[in-house]
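Engineer: this one's structure only:
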Ligand code: GLU
């Protein structure tokens with residue numbers, strides 16, 4: 001696919017892409033991005049912007065030098081900075097006669113199916129109103145356990161939920177590099193996001209953002225599973241999108257060919273989960289042949305989870321076999337694991353489903 005063929009594009013802007021070293025919003029650069037966006041819109045391409053920068057702008061406004069403020073404080077800083085961020089956006093977009101709408105998201109909004117569908121509807125309605133959705137994490141209420149923390153994965157999940165064809169991550173690097181006989185060379189295209197690709201990552205992160213390359217690869221994993229293309233490019237220069245098209249300097253991640261429906265794509269690309277169900281060989285075979293998961297095949301579980309939560313199913317060789325939604329709480333499963341389905345009601349004291357995970361809620365990895 002080429003960039004100009006994508007119907008829906010999510011553009012992710014990192015803090016250091018839109019804010020300079022002195023902590024000021026890069027107005028001229030942003031204006032050049034808007035020129036590019038106008039061009040895409042002329043071509044009937046829908047645009048979503050995911051932008052970081054609330055904390056960085058808040059810090060510079062409040063003259064807080066510390067790079068890493070404590071989470072409780074960063075929530076307050078973000079609540080101040082987000083106003084500055086969206087004001088800068090609003091002023092420049094307004095001058096260019098483009099409407100915008102602000103969407104602040106927490107992981108619950110993307111990880112709970114009903115809320116994700118709700119969010120999707122809001123995006124669709126903003127498109128109908130010809131407005132560009134501008135998204136950030138709701139840092140003011142997100143705490144460390146329930147936080148994306150980086151907008152790379154958030155942007156990927158948004159791309160998946162709205163059925164985007166392409167996510168463009170504008171960063172301060174040209175893309176993903178590999179070392180060939182001690183020389184760094186840019187990888188043009190990644191066909192499979194596997195361990196080998198992850199092993200190329202330099203763990204160092206940039207000045208403002210909390211992301212770095214690792215979260216970008218995790219974002220790539222979400223995208224490719226969802227059938228969405230992703231590219232990482234340098235947003236440092238003016239007219240960054242035009243440059244991507246003309247200079248072709250980037251790393252492009254190709255999506256998996258998949259016949260999963262939208263709901264199953266949502267399940268497979270859900271955020272990494274610490275909630276796990278460990279199963280025996282027989283259950284693993286049954287799952288792979290399209291059957292539901294029954295209590296008899298469950299060996300143990302890890303983590304606390306609720307009904308409907310996203311879980312990982314792990315086989316007897318400790319390999320992740322599936323992503324799924326649990327029909328039972330972790331507490332219930334602990335009581336009935338290893339038992340026959342007809343014993344469930346007796347043990348729990350109430351009637352319930354006989355499958356722990358229904359086959360419609362399972363996606364084999
Ligand atoms: N949501 C954070 C902010 O607006 C940034 C997260 C990230 O670094 O990606 O400051």
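Structural biologist: Nice, I can see it. Not measured: the values here are computed from a predicted model.

Engineer: now the nearest residue to residue 364 once chain neighbours are set aside: how far from the ligand?
Structural biologist: Among residues not flanking residue 364 along the chain, residue 322 sits closest, at 5.1 Å (C-beta to C-beta, 6 or more residues apart in numbering). C-betas here are computed from N, CA, C, even on glycine. Using C-beta to the nearest ligand atom, to the nearest Å, residue 322 is found at 29 Å from the ligand.

Engineer: Please list the residues of the stretch 1-150 of the chain that sit near the ligand.
Structural biologist: Within the stretch 1-150 of the chain, the residues that sit near the ligand (C-beta under 6 Å from any ligand atom) are 15, 52, 53, 54, 55, 56, 78, 136, 137, 139, 150.

Engineer: on that earlier part again, please identify the buried residues of the helix or strand containing the residue nearest to residue 364?
Structural biologist: Following DSSP states H and E, one finds residue 322 within strand 320-325. Neighbour-count burial for strand 320-325, counted by 16 or more other C-beta atoms under 10 Å, picks out 321, 322, 323, 324, 325.

Engineer: now, which of the residues you listed sits nearest residue 172?
Structural biologist: residue 323 (32.3 Å; C-beta to C-beta).

Engineer: Go ahead and confirm that closest one touches residue 311.
Structural biologist: Yes - taking contacts as C-beta atoms under 8 Å, residue 323 lies within contact range of residue 311: 7.5 Å.

Engineer: what is in contact with these two at once?
Structural biologist: residue 273 (C-beta atoms under 8 Å, 6 or more residues apart in numbering).

Engineer: any weak-confidence spans in the stretch 151-300 of the chain?
Structural biologist: For the stretch 151-300 of the chain, residues meeting the criterion pLDDT under 70 lie at 202-211.

Engineer: Also the stretch 1-150 of the chain?
Structural biologist: Using pLDDT under 70, the flagged stretches of the stretch 1-150 of the chain are 66-68, 145.

Engineer: quick one: the helices in it?
Structural biologist: When assigned using DSSP state H, counting those that start in this stretch, the helices of the stretch 1-150 of the chain occupy the ranges 15-18, 27-42, 54-62, 71-95, 107-111, 113-128.

Engineer: Let me have the ones you listed in a markdown table, adding mean neighbour count as columns.
Structural biologist: Formatted as a markdown table, the helices of the stretch 1-150 of the chain follow (neighbours: other C-beta atoms under 10 Å):
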| stretch | mean neighbour count |
| --- | --- |
| helix 15-18 | 24 |
| helix 27-42 | 16 |
| helix 54-62 | 22 |
| helix 71-95 | 17 |
| helix 107-111 | 19 |
| helix 113-128 | 15 |
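
Engineer: Nearest to residue 212, out of those?
Structural biologist: It is, among the helices of the stretch 1-150 of the chain and with distance given as C-beta to C-beta, helix 15-18, at 11.2 Å.

Engineer: Let me see the contact set for the residue nearest the centre of the chain.
Structural biologist: The residue lying closest to the centre of the chain (C-alpha atoms, centre = their mean) is residue 153, at 2.8 Å. Shown in contact with residue 153 (C-beta under 8 Å, 6+ apart): 215, 218, 219, 222, 271.

Engineer: Swap in 10 Å and give it another go.
Structural biologist: 107, 110, 137, 211, 215-216, 218-223, 269, 271-272 (C-beta atoms under 10 Å, 6 or more residues apart in numbering).

Engineer: still on that earlier bit, distance to residue 37 and pLDDT for the buried residues of strand 320-325 - can I get that in JSON lines?
Structural biologist: Below are the buried residues of strand 320-325 laid out as JSON lines (distance: C-beta to C-beta, whole Å; pLDDT from 0 to 100):
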{"residue": "321", "distance to residue 37": "42", "pLDDT": "94"}
{"residue": "322", "distance to residue 37": "39", "pLDDT": "94"}
{"residue": "323", "distance to residue 37": "34", "pLDDT": "94"}
{"residue": "324", "distance to residue 37": "38", "pLDDT": "94"}
{"residue": "325", "distance to residue 37": "36", "pLDDT": "93"}
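
Engineer: just these now: which is nearest residue 258?
Structural biologist: Once C-beta to C-beta is applied, the member of those that ends up nearest residue 258 is residue 323, at 13.2 Å.

Engineer: Please verify my assumption that that closest one contacts residue 361.
Structural biologist: Yes - counting by C-beta atoms under 10 Å, residue 323 does reach residue 361; the two are 9.4 Å apart.

Engineer: Can you work out which residues contact both of those two?
Structural biologist: 264, 267, 310, 311.

Engineer: Just those residues: which are in strands?
Structural biologist: 310, 311 (DSSP state E).

Engineer: May I ask which of the shared contacts of residue 323 and residue 361 has the most neighbours?
Structural biologist: residue 311 (27 neighbours; other C-beta atoms under 10 Å).

Engineer: OK, contacts around that one?
Structural biologist: 270, 273-277, 293, 301-303, 305, 322-326, 330, 333, 356-357, 361-362.

Engineer: can you check residue 99 too?
Structural biologist: 90, 93, 126, 129, 130, 131, 132.

Engineer: Now do the contacts for residue 316.
Structural biologist: Counting by C-beta under 10 Å, 6+ apart, residue 316 has contacts 278, 279, 280, 281, 282, 283, 284, 297, 299.

Engineer: That one: which element?
Structural biologist: For residue 316, there is no enclosing helix or strand under DSSP H and E.

Engineer: Do you know the pLDDT at it?
Structural biologist: Residue 316 carries a pLDDT value of 92.

Engineer: go on, the one 10 residues further on?
Structural biologist: For residue 326, the model assigns a pLDDT of 93.

Engineer: Grab the nearest non-local neighbour of it.
Structural biologist: residue 311 (4.9 Å).

Engineer: All good on my end, thank you.
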